[in-house]
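In: only geometry, no sequence info:
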Ligand SMILES: [Zn+2]
Ligand SMILES: [Zn+2]
C-alpha cells in the first residue's frame, strides 16, 4: 500500500518513478506490504515462465516464506537510491527519513530486500554515496545498517505527530507502528521481528 499524494512520473535515473505531489514531512509512513498487495506463492512461482518471474521480481520482492510480493497502489514503482529518503530497517513499513519536497522523487534502498538472496543491480542514482553495485547482501552490512538506524531513529519521534495517511492500515497491521504511537522512539524499542520482507500478516 502506498500513501496518497505520490504520483508516477518520468524519472531522470529510471524510466518512471514515484514523485511526491506535495511536501511530505519526515516521519510519514510512505508504504507497507499489505494483504491487498499481489502475492505469488512458492508453488505459483515455480510454474511461472522464467521471463515472467524475472519481470515480477524486478518490481516485486521475495518474502520470508518464499512468496513474491508486488506492492500495491503503484508502490512497486519506487526506485532505489543509495541516499534513499525512505528506509525500513527494523520496521514493516517504509518511513520518510527526511522532509521530501513537492516534485521530489521518493526512493528506498533495495539492499533492504534481503530475502532476494544474491540479487544485484548496477546503480545509476548519481548520489555522492552511490555504491555502484547494489546487492541484497549489503542489507547485512553493519556500517550501512548503522547509517540506516541513525537516520530512522532520528525521525521516529516525529511519527506520532505528523499526519499519517496510512494510519488505519498501520494501526491494524504493524506492531512497530503501534509501539511508536505508545512512545517508542528508537528501532531497538519498537522492532517486533516483522519487516518489509516478513510482514506480520504472513502469519495471520
Ligand atoms: Zn498492499
Ligand atoms: Zn546508487
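Out: Everything's here; your move. Because the structure is a prediction, the values reported are computed rather than measured. Numbers count the residues shown, from 1 in each chain. Ligands and ions are numbered 1, 2, ... in the order given.
In: Pull up the per-residue confidence for the closest residue to residue 32 other than its chain neighbours.
Out: Once flanking residues are discounted, residue 32 sits nearest to residue 93: 3.7 Å by C-beta to C-beta, 6 or more residues apart in numbering. All C-beta spots, glycine's among them, are computed from the backbone N, C-alpha and C. Looking at residue 93, its pLDDT is 98.
In: In this structure residue 93 contacts residue 178, no?
Out: No: shown here, residue 93 and residue 178 do not form a contact pair, counting by C-beta atoms under 8 Å, at 11.7 Å.
In: which one of these two has more residues nearby?
Out: Per other C-beta atoms under 10 Å, whichever of residue 93 and residue 178 has more neighbours is residue 93, with 26 against 15.
In: Next up, the contacts around the more buried one.
Out: Residue 93 sits next to 29-32, 166, 170, 174, 176-177, 196 when contact means C-beta atoms under 8 Å, 6 or more residues apart in numbering.
In: any idea how far it is from residue 43?
Out: Distance from residue 93 to residue 43, counting by C-beta to C-beta, to the nearest Å: 28 Å.
In: Residues in contact with the worst-scoring helix or strand of the chain on mean pLDDT: which ones?
Out: None of the helices or strands of the chain scores lower by mean pLDDT, DSSP states H and E than helix 50-59, at a mean of 91. Here helix 50-59 makes contact (C-beta under 8 Å, 6+ apart) with 40, 45, 48, 68, 70, 76-77, 116, 119.
In: make it 6 Å
Out: When contacts are defined by C-beta atoms under 6 Å, 6 or more residues apart in numbering, helix 50-59 is touched by residues 68, 76.
In: tell me which residues of it are tucked away?
Out: Residues 53, 56-57 are the ones in helix 50-59 that count as buried (16 or more other C-beta atoms under 10 Å).
In: for these, which one is nearest ligand 2?
Out: Of all these, ligand 2 sits closest to residue 57, with 19.6 Å by C-beta to the ion.
In: tell me the contacts of residue 130?
Out: 82, 123.
In: any idea how far residue 194 is from it?
Out: 30 Å.
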